[in-house]
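Undergrad: Task: produce atomic coordinates for the following.
(chains A and B)
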Amino acid sequence: MMEPLLKVENLKKYFPVRGLLRTIGYVKAVDDVSFTINRGETFGLVGESGCGKTTTGRTILRLVEPTSGKIIFNGKDVTKIRGEEMKEFRRRAQIMFQDPYSSLNPRQTVFEVIMEPVRFHGIPVDDPEEFVIKLLESVGLNEMHLYRYPHEFSGGQRQRIALARLLALKPEFIVLDEPTSALDVSVQANILNMLKDLQKKYGFTYLFISHDLGVVKYMSHRMGVMYLGKLVEVGPAEKIFENPLHPYTQMLLSAIPVPDPDLARELKAKRMNVEGEPPSPINPPQGCHFHPRCPFAKAGLCDKKEPPLIEVEKDHYVACWLYAKS
Amino acid sequence: MTQEEYKKGILDRLSDKLVDVIASFISLFKKDWKKKNRSKMEEWKLMLYALNRSPPGLIGLILIGMFIFLGIFGPSIAPWSYRYFPVFENMSTYLAPPGTEAYLPFSEKTITYPLGADHYGRDLVSLILYGARTSFVISIIVILLGVPLGIILGLIAGYYGGKIDELIMRITDMFLAFPALILAIAFSAVLPERLQGFINNHEFFESLFLKIFALQPQEAGNLGKLLAVILAMVIVWWPAYARITRGSTLTEREKLYVEAAKAIGLSSRTIMFKHILPNIIGPILVYITLDFGGVILMEAGLSFLSLGATPPIADWGRIVYDGSQYFPEKWWLVTFSGFMILLVALGWNLLGDTLRDILDPKMRRSIEFKVKKQKQMEQMEKEGEENV
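TA: As a prediction, this is how the structure comes out:
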């Protein structure tokens, strides 16, 4: 039986849109999202840009204060903790950012970058230099890099430094916010494998945010598909890739480029084209948010009522009226 | 590009030495500092190379070096005290032109005037030397108080945003709405009495200020006006810094390293001062350098308007004012002290402009490239010699 490490319940994050004098509306970046991540697994979160996946990750870590909802980490609601408990949560839950070029302070050497969180959290270290060198070696860097500044490194190396900074804290849960999308493919593979190895070694739990479906398939045990601030499909990654239920997921999957031209031509006939743009999150459509782009939308139902998450097969949930048992 | 361009000049070697010496010195107190800060030392050297390649910057540096030297040692090397009035002993010293010599019957000394005398018969050289101290101290105090105040308020406004930002920036706007000089005049006209009262009641401050301005005890009653000018300038100086700091903080706080620092759990204070400030200090530093000149100019201006330094306190602006009454027949007072103001303001401006270039990463990169090329050239030369 898998033990849940993180439970997100009805999480909402609305950003106010300010007019001249008053708030004229809200961007519903995260709108009533619930999911669970078990200890030691990777939960993938995919979706188009602007669908709220990054905001979800940041809200979970309380880098952005949630509007409402519960975030239960290790049995405690982190939306209510303060002081020492918050500090402890900061140590246990960390984030790795998309852009390695701005995630390191240009004025700190690698040694300072890595030692700062360690000192702040009072983690006992006998020989700081040796400690940092060991960490650097575990991410594929070495002693030579100890006292250099970030501008002396490539993007991949910087991402490794950011990773070493996380490892120094020995966290349990790491939000990986598109950690490889700024890197080229060979470096991507490298970092992804390293993340997988580290997970095996230390039992990390990952929330893997990405728009790259191939990468998510490779990394995740379970995954969620987000559309316009809502989770439309949740389930084991394999099942979702084999049998996508939600029309949006089907569209996303059919948009993955196929390297074989013959196969691609064959598939083209069956392919569902992604049409239109996602609507504005300030003023989302009524009912199912996806209905204006959905080929199966039923008038009178999909544009009126919001679909709940329905368990279609074991652990595989979908928010779509097509699967409702009427 | 020829090979010549890559050669290290004598100045570059001196800079190398200087950085090495400083590093060794710090290493005496902090173990392994040299090893840990190799990259930092490299940066410093590059900055100095960039400075060496900019003649205006060097001129500015020399001018400022001289000014600082005069500011510190001027009163000690001045041949005559500013409170010694030869005109009471010998009427011919009244506005004596440059090059005159005069005998002072009471003190039985001969006084020479290389740059002429003022209406008290005081030697202009001595007055300029004393005046250097006055300008130096005033500019340092104004920058030391005004700039940190502006930076702290700007950081707070930019980092927290929202209502705090509004409050701080609207106050800043209020100060910026008035022309700086007018505001300074208003404050320096209102403040002296209270400050004088404060000075009279606190002997410690009285002797402290007399000491740093190199004044004699009789001047205690004039300190109030001098301090009023300083305080007035602090009041008009901080808003500009609050503005630029807030602006840079706004862009900097969106960077991911700030978010990473938040994710670690660091306090807002640590993030502001340890992470954001070091990254925005570059442009502020340029501003500070330019403003040293600005403060000296404004102080001279206020003295010219007979606010601030009261006679007989030596002050460049005041000398120009006093001299202007006898100009152009007795041209030396206005000319020489005005020239000093010009040189110092020019020096700070040249240095500030060069600093802006040096701190600009693009400019530095090109020098870095040259240095690397130079190392390659040296390597090739060495190999060439070995082959021969």
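
Undergrad: Just the CA atoms of the host helix or strand of residue A:72, as CSV, please.
TA: Take DSSP states H and E as the rule and residue A:72 turns out to sit in strand A:68-73. Provided in CSV are the C-alpha atoms of strand A:68-73 (Å, rounded to 0.1, in the frame of the first residue of the first chain):
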residue,chain,number,x,y,z
SER,A,68,-8.2,28.6,-0.7
GLY,A,69,-7.8,24.9,-0.3
LYS,A,70,-5.7,22.5,1.7
ILE,A,71,-2.2,21.3,1.1
ILE,A,72,-1.5,18.3,3.4
PHE,A,73,2.1,17.4,3.6
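
Undergrad: what's that strand in contact with?
TA: A:5-12, A:32-33, A:59-60, A:62, A:77-79, A:89, A:92-93, A:173 (Cβ atoms under 8 Å, 6 or more residues apart in numbering or on different chains). All C-beta atoms are positioned from the backbone trio N, CA, C, and that covers glycine.

Undergrad: Now do the residue positioned nearest the centre of chain A against residue B:89, distance only.
TA: The centroid of chain A falls nearest to residue A:209 when counting by Cα atoms, centre = their mean (2.4 Å). Look at residue A:209 and residue B:89: by Cβ to Cβ, to the nearest Å, they are 88 Å apart.

Undergrad: Also residue A:41?
TA: From residue A:41 to residue B:89 the distance is 97 Å (Cβ to Cβ).

Undergrad: in the stretch 151-300 of chain A, which segments are predicted with low confidence?
TA: A:269-275 (pLDDT under 70).

Undergrad: Got phi/psi on the residue nearest to the centre of chain A?
TA: phi -100, psi 130 (degrees, to the nearest 10).

Undergrad: just to revisit the earlier point, put the buried members of the contacts of strand A:68-73 into a ChimeraX selection.
TA: Burial among the contacts of strand A:68-73 is assessed by 16 or more other Cβ atoms under 10 Å in any protein chain shown; the matching ChimeraX selection reads:
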select /A:5,6,7,8,11,12,33,59,60,62,78,79,89,92,93,173
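
Undergrad: check which helix or strand covers residue A:14.
TA: strand A:4-18.

Undergrad: What's the separation between the closest residue to residue B:176 other than its chain neighbours and residue B:305?
TA: Nearest-residue entry for residue B:176: residue B:239, 4.9 Å, with adjacent residues in sequence omitted and distances by Cβ to Cβ, 6 or more residues apart in numbering or on different chains. Distance, residue B:239 to residue B:305, by Cβ to Cβ: 22 Å.

Undergrad: Compare those two and say which is more crowded by neighbours.
TA: residue B:239 (24 against 15; other Cβ atoms under 10 Å in any protein chain shown).

Undergrad: how about residue B:294, what does it touch?
TA: residue B:345.

Undergrad: That one looks like it's in a helix, true?
TA: Yes. Under DSSP: H, G, I helix; E, B strand; the rest coil, residue B:294 falls within a helix.

Undergrad: Next, count neighbours for residue 140.
TA: The chain I'm using is chain A. By other Cβ under 10 Å, neighbour count at residue A:140 equals 14.

Undergrad: You answered for a different chain; I wanted chain B.
TA: Neighbours of residue B:140 (other Cβ under 10 Å): 15.

Undergrad: Also the one 5 residues further on?
TA: Residue B:145 is surrounded by 17 other residues when neighbours are defined as other Cβ under 10 Å.

Undergrad: do the same with residue A:52
TA: 26.

Undergrad: Next one: it from residue B:112, what distance?
TA: From residue A:52 to residue B:112 the distance is 83 Å (Cβ to Cβ).

Undergrad: residues touching the closest residue to chain B within chain A, list them.
TA: In chain A, the residue that lies nearest chain B is residue A:90 (3.3 Å; Cβ to the nearest Cβ). By Cβ under 8 Å, 6+ apart, the residues touching residue A:90 are A:121, B:263, B:264, B:265.

Undergrad: what do you get if the cut-off is 10 Å, keeping everything else the same?
TA: A:61, A:62, A:117, A:120, A:121, A:169, A:171, B:262, B:263, B:264, B:265, B:266 (Cβ atoms under 10 Å, 6 or more residues apart in numbering or on different chains).

Undergrad: Closest one to residue B:203 out of these, please.
TA: residue B:266 (44.2 Å; Cβ to Cβ).

Undergrad: show me the contacts for residue B:57.
TA: Residue B:57 touches B:50, B:51, B:350, B:351, B:352, B:353, B:354, B:355, B:357, B:358, counting by Cβ under 10 Å, 6+ apart.

Undergrad: Could you rerun that using 8 Å?
TA: B:51, B:350, B:351, B:353, B:354, B:355, B:357, B:358.

Undergrad: what's the spacing between the one residue sitting closest to the centre of chain B and chain A?
TA: Among the residues of chain B, the one closest to the centroid is residue B:292, at 3.8 Å (Cα atoms, centre = their mean). To chain A, residue B:292 is 24 Å away according to Cβ to the nearest Cβ, to the nearest Å.
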